[in-house]
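1. Have a look; sequence and predicted model below, questions after that.
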Amino acid sequence: MSFPFSAIVGQAELKQALMLTAIDPKIGGVLALGDRGTGKSTTIRALAALLPEVPITDDPRLDPNPPAGVATKPAPVVDLPLGATEDRIVGALDLEAALVRGEKTFQPGLLAAAHQGFLYIDEVNLLDDHLVDVLLDVAASGENVIEREGLSVRHPAQFVLIGSGNPEEGDLRPQLIDRFGLAVDVQTLTDIQERLAVIKRRQSYETDPGAFKAEWAEEDRALRDQIVEARGILPSVTMDDDVLEKAAALCIALGTDGLRGELTLSRTAHAIAAMNHETKVTTDHLKHAAPMALRHRLRKNPLDDADAGVRVARAVEEVLA
Amino acid sequence: MTAAAQAELPADDALAFVSGAADRWDDALLVAALLAIDPAGLKGVSVRAGPGPVRDLWLSAYKGYQGDHHKLSPLPANADEGRIIGGLDLVETLSAGKPVVSRGVLQESDGGTVLVRMAERLEAGAVHALTSAMDQGAVSVERDGLSRIDRTRFSLLLFDEGASDERAPQALEERLAFLINLDSIPLACAEEEGPSSEAVLRARDRLTSITIDDDTVRALGAACLGAGASSIRVQMACSRAALAIAALRGSDVVENEDARLAARLVIAPRATSLPEAPEDEAQEPPPEEPPQDQTDEEPEPFPDDDRELPDDLNLDEIIADAIKSGAVNLDLAEDEVRRASPRAMSGRAGQQAPSKSSGRPIGAIPGDPRRGGRLDILATLRTAAPWKRLRPEAAAGSRVRIYPSDLRIRKYAHRTASSVIFVVDASGSSAVNRLAEAKGAVESLLLECYARRDLVSLITFKGAGASCDLPPCRSLARARRAMAGLPGGGGTPLASAISLALETALREQDEGRAPLLVFLTDGQSNIALDGSPGRPAAQADTEKMAPLLAQAGLRVLFFDTSPRPSDKARNVARLMNATYVPLPYADGSTVSAAVRAEQAKTNAGAGR
């Protein structure tokens, strides 16, 4: 049983980024970087309780044992442990069937399990590069293609990739960072009052998880409703050309590479508008979306560890004034 | 370094040192007792101590508090993942003809204690397995075609035996309530006994009914932030420790003295900044009780929304005192290093696991293990298994028949990672005109190293000796911070720098990486190896040390930072068998071009 999402103190930006990707998975993943002990993992794992249910597919590789008479299931949030091997991630020959029955069957991996949901990698900066490549590839294409051990299988794997890590322990390759839709800087709480709240909530959660969850169920449900509503509004959200031009000007001012930045910025702004029950994207929404959508795409001197968010904010001031 | 510092202590202080040792031993026993009282909340302890009778005594005290049926499972620091979190038991799987799961140490020690000796050698994968098991109370296994989640809760003991620059992984230490140091505690001190087992048992039963008030939690929070140990986990552990201490004392509420003791045990050993000097009574805003004679009267609690910090606890003072008295034995010189680059430096855990000399396994290919290459048993089985029914010889039994064509061998990615070791002269002579330029050059080099995923490390020398400001790592942020905080001034102990550079380079070689030494100095050595000033002795030492680099066959680049190319520098470079680059106008592009050229040679040599 995970800690309730709404009971998490602070981390406003991370929480919002997660909700936005839940509203529009096309935004494309969240990278949460920050110090140790800032509750990154707790926040991300708490997301599961907020996600609306997803339909059960008729693909036995994705839903091997569908319960009878039910059409939906909880959206999966799959944890990918650092030591996971490639065969478990993409899927491989089912060893038991092969050994016991001499059958060649496909055993789906974590990518199949994460279909229609989230795939979470803690300490993504420590994951082997070739595994990160596989993951990002599948996340981008939405399809898992297996050609190994005489198997030739393909199945849909649409999921939102969430990574967290501590930059002190090793950097992520820049070309991987920019494949994440949003990036969030998670910082240690320094407000004594907030820290007190963290400790008290943690304590009562550990004493009686069930009661604590019940206490926060109402607020979690409200957030979940907010996601569902926003999803409903999202298709009708539009963006005027002048706002679009401003988004482009912002990306040019910041020197972000390629179109990915602009696309993510616009999608994120759409999702923010939907979350606020608005059907027109305004420059305010852009301002709001810019730090998380762009901070990891600045063509930067990687030595310049001045907070990229500050640079984005500065550009926002200039361009969107 | 610590030993040397102690040797220099005058006789009077030596006595004080022994009494400090007695305090440390008492604290260590108290920690063992507290861990038995609240194992789930306190998680464990990192013990800095070499093997020896004192550590054995402490361990038996720990076991004594935990009770007779407590399971203590050793986890070798070099254990492979299969041993740690479990996996497919190959022998059983083959003889049973179906997958058989073996449990790992983490599952086996559910309800007990995992003991890691030589914790400073733990590899990144193992560290992550431990941290995620501790955070989630479960181990998730996604390997060997298995997918399972096993619940497990354990306490963790880390025995950190590292030399001065090696540390138990910080990701683990951060989750453990306590860090204790048993080094140089005389055996005589270690005969003192701690709290009685009965008291510990009683405390364990009473633990859930103990309360702690918000003001105390706030004060502990302020103390964490003040000491630079800002992780919320530390504060959480400190609260839990205070509760356990109160329980042990037989009280129902956490009193100030409990909080103080908890702060000394939990926060002080992690302090990276000395809290405000407590000497000056007048500076303390509220003239509250001094720490020594605590009266147990609680101050009027602040209203909940009052943001004023309750500093009447004088926790900062406790921490500062603990550091000064040596009870925590925080070596301030070490602290400097730590501040420049937080303790994640811990040898290997901080960075990606070093590639084994054989490289990183990237899959399996058909091949014959007799002609070199390691058999990949699983992959071989996977290949053979589907043919089971079609291979008549095996039809009778349940065994899988393996044909030579099924054999798979592991494929490794052979890539020798480069490790660039910068040795930067920060002495007075250099500082005046060249240090800033050298910094600039190093920064632009760092950029390139970053792009190539090389490891970088930084050695600087000035004053009496050389120091490793940044052990080999891939983190650019840390490298940059180490550079930025680099002060200049003092003599030029070039010989010491060469010695430290040699040591670092050889260690990198042992790790299977290709070191490249980059010196930035004017070669004007004036401090000898033993730290004494004097140009002739210093020159002689330098000339003695420099050829050692050549003998070790190390690649060295020597940038002469003196205003005009000097014979002295050229001579040192020649002795090192270094590529000599005069740098009358130090500029980043010259430096990086030279390093690139040198690395091309290195890589050609290593057969990348």
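-> Nice, I can see it.

2. low-scoring stretches of the stretch 101-250 of chain A, by residue?
-> Within the stretch 101-250 of chain A, the set of residues satisfying pLDDT under 70 comprises A:149, A:170-171, A:174-175.

3. just the helices in it please.
-> Remark: helices assigned in the stretch 101-250 of chain A by DSSP state H, counting those that start in this stretch are A:110-113, A:129-141, A:174-177, A:192-207, A:209-233, A:241-254.

4. Relative to chain B, which of those is closest?
-> Across those, chain B has its closest neighbour in helix A:192-207 (4.4 Å, CB to the nearest CB). (C-beta placed from N, C-alpha, C; glycine too.)

5. Using TSV, lay out the helices of the stretch 101-250 of chain A together with distance to chain B.
-> Supplementary listing: the helices of the stretch 101-250 of chain A in TSV, determined by distance: least, CB to the nearest CB, whole Å:
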stretch	distance to chain B
helix A:110-113	6
helix A:129-141	6
helix A:174-177	8
helix A:192-207	4
helix A:209-233	11
helix A:241-254	20
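
6. winner for burial among those?
-> Taking mean count of other CB atoms under 10 Å in any protein chain shown as the contact definition, the stretch among the helices of the stretch 101-250 of chain A with the greatest mean neighbour count is helix A:110-113, which reaches a mean of 24.

7. returning to what we had before: tabulate the helices of the stretch 101-250 of chain A in TSV, adding columns for distance to A:Ala75.
-> Shown next, in TSV, are the helices of the stretch 101-250 of chain A (distance: least, CB to CB, whole Å):
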stretch	distance to A:Ala75
helix A:110-113	11
helix A:129-141	16
helix A:174-177	25
helix A:192-207	23
helix A:209-233	10
helix A:241-254	30
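
8. so which of the ones you listed gets nearest B:Arg206?
-> Of all the helices of the stretch 101-250 of chain A, it is helix A:192-207 that lies closest to B:Arg206, at 15.0 Å by CB to CB.

9. related to what we said a few turns ago, closest one to A:Lys104 among the helices of the stretch 101-250 of chain A?
-> The closest of the helices of the stretch 101-250 of chain A to A:Lys104 is helix A:110-113. By CB to CB, the value is 17.4 Å.

10. on that earlier part again, between the helices of the stretch 101-250 of chain A, which one is closest to B:Leu265.
-> Checking those against B:Leu265 by CB to CB gives helix A:192-207 as the closest, at 17.4 Å.

11. for that closest one, packing partners?
-> The elements that helix A:192-207 packs onto, with contact taken as 3 or more CB pairs under 8 Å, 6 or more residues apart in numbering or on different chains; DSSP states H and E, are helix A:209-233, helix B:214-226, helix B:232-249.

12. Quick one: residues in contact with it.
-> Among residues not part of helix A:192-207, those counted as contacts by CB atoms under 8 Å, 6 or more residues apart in numbering or on different chains are A:3, A:7, A:9-10, A:39, A:189, A:211-212, B:40-41, B:208, B:214, B:217-218, B:221-222, B:225, B:232, B:235-236, B:239, B:305, B:307, B:309.

13. which among the residues you listed end up buried?
-> For the contacts of helix A:192-207, burial is judged from neighbour counts taken by 16 or more other CB atoms under 10 Å in any protein chain shown, and it is met by A:3, A:7, A:9-10, A:39, A:189, A:212, B:41, B:214, B:217-218, B:221-222, B:225, B:232, B:235-236, B:239, B:309.

14. So in chain B, where's the weakest helix or strand by average pLDDT?
-> When the helices and strands of chain B are scored by mean pLDDT, DSSP states H and E, helix B:332-340 comes last with a mean of 34.

15. all helices of the stretch 451-600 of chain B, in order?
-> Remark: helices assigned in the stretch 451-600 of chain B by DSSP H, counting those that start in this stretch are B:476-484, B:494-510, B:535-551, B:567-575, B:588-606.

16. Lowest average pLDDT across those helices?
-> Here the lowest mean pLDDT among those goes to helix B:588-606, at a mean of 63.

17. ok, back up a step: okay if I get the helices of the stretch 451-600 of chain B as TSV plus distance to B:Asp150 and mean neighbour count?
-> Output for the helices of the stretch 451-600 of chain B, formatted as TSV (distance: least, CB to CB, whole Å; neighbours: other CB atoms under 10 Å in any protein chain shown):
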stretch	distance to B:Asp150	mean neighbour count
helix B:476-484	35	21
helix B:494-510	36	22
helix B:535-551	51	18
helix B:567-575	58	18
helix B:588-606	42	16
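
18. Of those helices, which is nearest B:Arg202?
-> Of the helices of the stretch 451-600 of chain B, the one closest to B:Arg202 (CB to CB) turns out to be helix B:476-484, at 46.7 Å.

19. do the closest one and chain A meet?
-> Yes - counting by CB under 8 Å from any CB of the partner chain, chain A is contacted by helix B:476-484 at B:Leu476, B:Ala477, B:Arg478, B:Arg480, B:Arg481.

20. Run through the stretch 301-450 of chain B and note the low-pLDDT ranges.
-> Judged against pLDDT under 70, the low-scoring parts of the stretch 301-450 of chain B cover residues B:301-315, B:318-363, B:368-373, B:388-390, B:392-399, B:411-416, B:429-435, B:437-438, B:441, B:450.

21. which residues pair with B:Val424 across the strands?
-> Partner residues in beta bridges with B:Val424, using DSSP bridges, are B:Thr460, B:Leu520.

22. ok, it - contacts?
-> Each residue near B:Val424 by CB under 8 Å, 6+ apart is listed here: B:Leu435, B:Ala438, B:Lys439, B:Val442, B:Leu458, B:Ile459, B:Thr460, B:Phe461, B:Leu486, B:Leu520, B:Thr521.
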